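*Asks:* generate a structure from the sequence data that follows.
(chains A and B)
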Amino acid sequence: MSTTDNIIELRHITKIFPTIVANDDISFEIRRGEIHAIVGENGAGKSTLMNIIYGLLQPTSGEILLNGVPVKIDTSTKALSLGLGMVHQHFMLVQDFTVLQNIILGSEIRKGAVVDYEQARQKVMELSDTYDLRIDPDKKVKEISVPMQQRVEILKVLWRKAEVIIFDEPTAVLTPQEIDEFCEIALKLKAQGKTLVFISHKLGEVMRISDRVTIMRLGKVVCTKEISDTDEKDLAHLMVGRDVELGGGHREPIKTTEEVLSVRDVSMAVGGVKKLDGINLSVHPGEILGVIGIDGNGQDELVNAICGKARADSGEILLDGKNIIGKSIKQIRDMGLSTVYEDRLKDGLVLKYSVRDNLILGYQDRPQFLCKWKAFLNQKAISENAQKQQADFDIRCGSLDVPARTLSGGNQQKIILAREVSAGPRLLMVVQPTRGLDMGAIEFVHDKVVEQRNAGCGVLLFSLELDEILQLSDRIAVIHNGSIIKTLPNKNVTKQQIGRYMLGVLDDGAQEAEA
Amino acid sequence: MLSFLQYMFVATFRLGTPIAVTSMGACFSQRTGINNIGLDAQMTMGALLGVCGSYWFNNAWIGVLIGMLAGIIMGLIHGFVVNTCGAPMAVSSQALILFSEGLTIIILFAVFGNIGYSNQVASISNTPILANIPLVGGILSQLSPLVYLGILVLIALNFLLYKSPIGLHMQACGEHPRAADTAGINVTLYRYIGVMTSGALGGLGGAMLSIGYMNLFQDGMIAGRGFLALGAISLGGHTLRGSYIAGLLFGFFDALQLYVQTTNAPIPSQFVQMIPYLASLLVIVFASGKNSKRGQPPAALGQPYSKISGTR
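*Replies:* Here you go, the predicted model:
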C-alpha cells in the first residue's frame, strides 16, 4: 500500500508531562475514508494524542504526516485549515446563539460589513441535506436536544471543510436510541468520503461502525487490528490487560419474601406537571432491582422522592416497614438508606475536600468519628477509616490528603461507594453508578454492588444502560411516563423485549404483571 | 405645564445621556465577557481630564477627546489586570475607583491650584445650529451636541454588535470563550477592545457632565452615576439599546429631583436628592422579578479566560 492512502501517519509521537509520560512512542496510520476507532481505558493517552493531532498540544518528540507530508500543527486554527476537525465531548456551542450562528462562527459569509445570514442559511441547509443531519437553523442551541447539538457540532466541522473528523467520546452523552442514530450518521459521513477517527471506550459501538481499531494502554499502542479480526471480548482484554468480567460474578440465591423497600401508589407533580403517576415497586433484601427506562420518564423524581430531596404528593414509601414520606434526607439516611447519586461531582463529593474528609461526608456526626463531648472530630478515627476504605476499595490517589477533584472518575466513584457501603445500609440506591467510567472501574463497581446484595442488602439500581441492567439485576422494572409498566425476573429476557417496554408497548396487552 | 415638559425633556437628556452612554459602553464590554464595574473611575477621569483638556487648548472638543482617552487608559488598566493577569474584576474595579479619587485631588491641585473644583473652561452645552429647525429647534438647540453624538454611537455600536461578523465574534467571547477560541477567534483581543470601548464611553459620559452640561469640574460630581449606569444594564435587559434607554430613565428621575428642589417644596433637600437613587432601586426591584422575561447577561461574564486552562 502506498503512503498516500494514509491520510494521517503518526511517527514515534511522545508526549511527556512533568509527572507522567502520556504518550510513549506512538506510531500508527489512519487510512483515507475509513472509520478508525481508538480505544483504551481512562488515562491510556487517547485524549492527549487527539489534542496533539488537533493542535491543542505539542508533542515532545515525533512527527505527524498528513497525506505523506510532515506537518506542524500548532493551533486548532491550523488544524482546521489542514482539513482536520474535532467534535469535542463537551460541545463547543454557544448556548444563546442560534444553530446557524454557531455553525458559521469564525468563518462567516459576509455581505459588505454585515453577516449574510440568508446565504449562510441556504448553504448550511444544503450541507445538512447532503449528510442527512437534520437541524433547525433558527432555534437557539439551548432549546435543542443533545443529539441535535451533536449534529450541529458535526456541521461546524463540515462547514470548515474538514476531511478528517475526530470524535471524542461521541456516545458518552447519548441514550441507546440516540447512539443508533449516531452510528447511522457516522456511516453516512464515511459513505461521502470523510475519514473518521473515533475515540471511545464503549466497545459495542466500536464493533458496529469501525473498519479498524487501535488499542492503547498506559500511553502506548498495544496494536491496531482490522475489526473483522477481533471481538468485544478480545478488545476488552487488550484494553485492560486482563480478562474482564462484568456483572459482579457469583450470586447467592434470595431466600426471603420480606421487603426492605416498598413504594406504593406514589404520585408526584413537579412544577404542575405530573412526573410520577402511581408508582409501585418493592425491593427484597439480597436482591438487585434494576429500574430501566428512557431518560426523563420519572427516574430522577423517583430517586428524589425516595432519598428525601423531594416530597411525594400521595402514596407511601416504606423503608423497612416505616413510611419515610415527609422525613428529611438525614432522617431517611439514618433509617438505613445509602445513595450513590447520579452526579458524583455535584451530589457525591465536595471536590475541594481531601479524600479523607470525603470518606466521612454526611456521616461526620456518627459517634465513631467524634471525640470530647461529641463536639470535636476525631481525626485519628477519620484517618484510620480512610486508610481502611482506601485498602478495601482500591482507591488510587497520591495521598489521602489530596483534594477529591484531582482523582479520576473511577476513583472518585470508589470514594462514594466506599462511604455509602460502609455505613451498613439496609437499602443501597445506586443511580447510573458507572456513567463515564472505564471498563476496569465498571467491573469493580459491579463487584461491590453484588457483594452488598450477597450480604443481604437490598439494591435499587437506576441505569440508562440496558446492558448494565441486564448484567446486574435480579429483577427488572420498566418505567414509562411516571409509572412502572412492567416488572419481570431477569431470566430469558431479550434487549428487544425490554426496548419495547421502554417505549410503552406491552406485548400481551396485560398491565403490570408483578413477578 | 408646557414649560415643565420642555424642562423635563431637556433635563432628562442632559442628565441622562452621560449615564446612558456609560451604561451602553459597559454593556458592550459585558457582551465580550468583561464586567467593568469601575465606571465611576472612568467617568471621574473623563470629567476631570475633559476640563483639563478644554483648559489647556481652550477648545472643549479637544477636552472631550482627552477625557475619552483618560477613560480608555482606565479601561486598559482594568483589561490588563483582569484579562491578562486574571485578577477578580470586582477588586480591580474597586482599586481603580479609589485610585481615581486620589488622583483627582492631585491633578486638580497641580493644574488649577485648587483641591475642590477647577476653573471655568470652554464648554459645549448647546447646539445653536439646530435653532433654525421650525417648532422644535428651540428645544433641540438647548442640548449639547454630545447628546446627539451619544445617539449616533448607539446606532453604530448596535450595528457592530448585532449585524457584523466582529460583533458575532465578540458575543461568542462573552458567552463561551472556549468555543470562540476553538473557532479561531482571539478572545483576549476582543475582550480588550470591549473594555477599552467601555472606558472611552465612560470617559465621554464623564466629560458630558463637566463640559457638556456645566463648564467646570467639582470633586465628587460623578456621585455614583457609574453605579447607576451598571444598574441600567440589567434594567435594560443586557442589550445596548435597553441600557441606553434605562440610563435616560435614571436621568429623568435626576431631572425630576432638580425640579422639585426649585419648587421650594417643604421637603428637606437631602430627601429630594435621594429620588434618583431610590427610584432606580425600586425600578430594578420591580423589573427583575422572578418571571421577568428580560434578557440575560452573557454566560461567561466575569470569567477570566486563558488558552491553557480555559475559564476558571
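
*Asks:* looks to me like A:Ile16 is in a strand.
*Replies:* Yes. According to DSSP: H, G, I helix; E, B strand; the rest coil, A:Ile16 belongs to a strand.

*Asks:* so what sits opposite it in the bridge?
*Replies:* Assessed by DSSP bridges, A:Ile16 has beta-bridge partners A:Val21.

*Asks:* list the residues that contact the residue of the stretch 151-300 of chain B found nearest chain A.
*Replies:* Nearest residue of the stretch 151-300 of chain B to chain A, counting by CB to the nearest CB: B:Ala183, 3.2 Å away. Any C-beta I mention is one placed from the backbone N, CA and C, and that applies to glycine too. Counting by CB atoms under 8 Å, 6 or more residues apart in numbering or on different chains, B:Ala183 touches A:Met92, A:Leu105, A:Gly106, A:Ser107, A:Lys156, B:Ala172.

*Asks:* these, buried ones only, as a ChimeraX selection?
*Replies:* Typed into ChimeraX, the next command selects the buried ones out of the contacts of B:Ala183 (criterion: 16 or more other CB atoms under 10 Å in any protein chain shown):
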select /A:92,105,106,156 /B:172
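
*Asks:* mind listing what's buried along the top helix by length along chain B?
*Replies:* In chain B, assigned by DSSP state H, the helix with the most residues is helix B:2-32. Using 16+ other CB under 10 Å as the test for burial, helix B:2-32 gives B:7, B:9-32.

*Asks:* and chain A, which of its residues are near chain B?
*Replies:* Counting by CB under 8 Å from any CB of the partner chain, the positions of chain A adjacent to chain B are A:75-77, A:80, A:86, A:88, A:92-97, A:101-102, A:105-108, A:110, A:113-115, A:156.

*Asks:* for the stretch 101-250 of chain B, which spans come out with low pLDDT?
*Replies:* In the prediction, the stretch 101-250 of chain B carries no residues with pLDDT under 70.

*Asks:* who in it is up against chain A?
*Replies:* So far as CB under 8 Å from any CB goes, the stretch 101-250 of chain B lies against chain A at B:159, B:163-165, B:168-169, B:171-172, B:175-176, B:178-185.

*Asks:* ranges for the strands of the stretch 401-515 of chain A?
*Replies:* A:427-431, A:458-462, A:475-480, A:483-489 (DSSP state E, counting those that start in this stretch).

*Asks:* I figured B:Gly203 hits B:Gln42, correct?
*Replies:* Yes. Counting by CB atoms under 8 Å, B:Gly203 touches B:Gln42, with 5.6 Å between them.

*Asks:* what residues are shared contacts of those two?
*Replies:* B:Ala70, B:Gly71, B:Met74.

*Asks:* please enumerate the helices of the stretch 51-200 of chain B.
*Replies:* B:60-79, B:89-112, B:137-140, B:145-163, B:165-175, B:177-182, B:187-211 (DSSP state H, counting those that start in this stretch).

*Asks:* and of the shared contacts of B:Gly203 and B:Gln42, the nearest to chain A?
*Replies:* Of all these, chain A sits closest to B:Gly71, with 25.8 Å by CB to the nearest CB.

*Asks:* about what we covered before: quick one: average pLDDT of the longest helix of chain B?
*Replies:* Here helix B:2-32 scores 93 as its mean pLDDT.

*Asks:* what is that helix packed up against?
*Replies:* Secondary structure elements in contact with helix B:2-32, counted by 3 or more CB pairs under 8 Å, 6 or more residues apart in numbering or on different chains; DSSP states H and E, are helix B:39-57, helix B:137-140, helix B:145-163, helix B:165-175, helix B:187-211, helix B:225-235, helix B:240-262.

*Asks:* one more time with 6 Å
*Replies:* Applying 3 or more CB pairs under 6 Å, 6 or more residues apart in numbering or on different chains; DSSP states H and E, we find helix B:2-32 packed against helix B:39-57, helix B:145-163, helix B:165-175, helix B:187-211, helix B:225-235, helix B:240-262.

*Asks:* now do the first one: distance to the chain's middle.
*Replies:* Centroid displacement of helix B:39-57 relative to its chain, using CA atoms, centre = their mean, to the nearest Å, is 13 Å.

*Asks:* can you list the buried residues in that helix?
*Replies:* B:39-55.

*Asks:* and the longest one, by the same measure?
*Replies:* For helix B:187-211, the neighbour count (16+ other CB under 10 Å) marks B:187-188, B:190-211 as buried.

*Asks:* closest to A:Val173 out of the helices of the stretch 51-200 of chain B?
*Replies:* helix B:177-182 (16.3 Å; CB to CB).

*Asks:* looking only at pLDDT, what's the mean for stretch B:40-58?
*Replies:* 96.

*Asks:* CA atoms only: put it into CSV for me.
*Replies:* Taking Å, rounded to 0.1, in the frame of the first residue of the first chain, the C-alpha atoms of stretch B:40-58 are listed here in CSV:
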residue,chain,number,x,y,z
ASP,B,40,-17.2,55.8,38.3
ALA,B,41,-13.4,55.8,37.9
GLN,B,42,-13.7,56.2,34.1
MET,B,43,-16.4,58.9,34.4
THR,B,44,-14.4,60.8,37.0
MET,B,45,-11.2,60.8,34.9
GLY,B,46,-13.2,61.6,31.8
ALA,B,47,-14.9,64.6,33.5
LEU,B,48,-11.6,65.9,35.0
LEU,B,49,-9.3,65.4,32.1
GLY,B,50,-12.1,66.8,29.8
VAL,B,51,-11.9,70.0,31.8
CYS,B,52,-8.1,70.0,31.8
GLY,B,53,-8.1,69.5,28.0
SER,B,54,-10.5,72.2,27.4
TYR,B,55,-8.4,74.5,29.7
TRP,B,56,-5.1,73.7,28.1
PHE,B,57,-6.3,74.0,24.5
ASN,B,58,-9.2,76.4,25.1
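
*Asks:* can you name the residues in contact with it?
*Replies:* B:22, B:60, B:62-64, B:66-67, B:70-71, B:74, B:96-97, B:100, B:104, B:107, B:111, B:118, B:121-122, B:199, B:202-203, B:205-207, B:209-211, B:217, B:222, B:226 (CB atoms under 6 Å, 6 or more residues apart in numbering or on different chains).

*Asks:* just to revisit the earlier point, JSON lines for the contacts of B:Ala183, including distance to A:Glu143 and secondary structure?
*Replies:* JSON lines is the format used below for the contacts of B:Ala183 (distance: CB to CB, whole Å; DSSP: H, G, I helix; E, B strand; the rest coil):
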{"residue": "A:Met92", "distance to A:Glu143": "18", "secondary structure": "coil"}
{"residue": "A:Leu105", "distance to A:Glu143": "17", "secondary structure": "coil"}
{"residue": "A:Gly106", "distance to A:Glu143": "22", "secondary structure": "coil"}
{"residue": "A:Ser107", "distance to A:Glu143": "24", "secondary structure": "coil"}
{"residue": "A:Lys156", "distance to A:Glu143": "18", "secondary structure": "helix"}
{"residue": "B:Ala172", "distance to A:Glu143": "18", "secondary structure": "helix"}
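
*Asks:* just put the contacts of B:Ala183 in TSV and tack on distance to A:His237.
*Replies:* Output for those, formatted as TSV (distance: CB to CB, whole Å):
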residue	distance to A:His237
A:Met92	35
A:Leu105	43
A:Gly106	43
A:Ser107	44
A:Lys156	37
B:Ala172	45
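
*Asks:* no further queries at this time; thank you.
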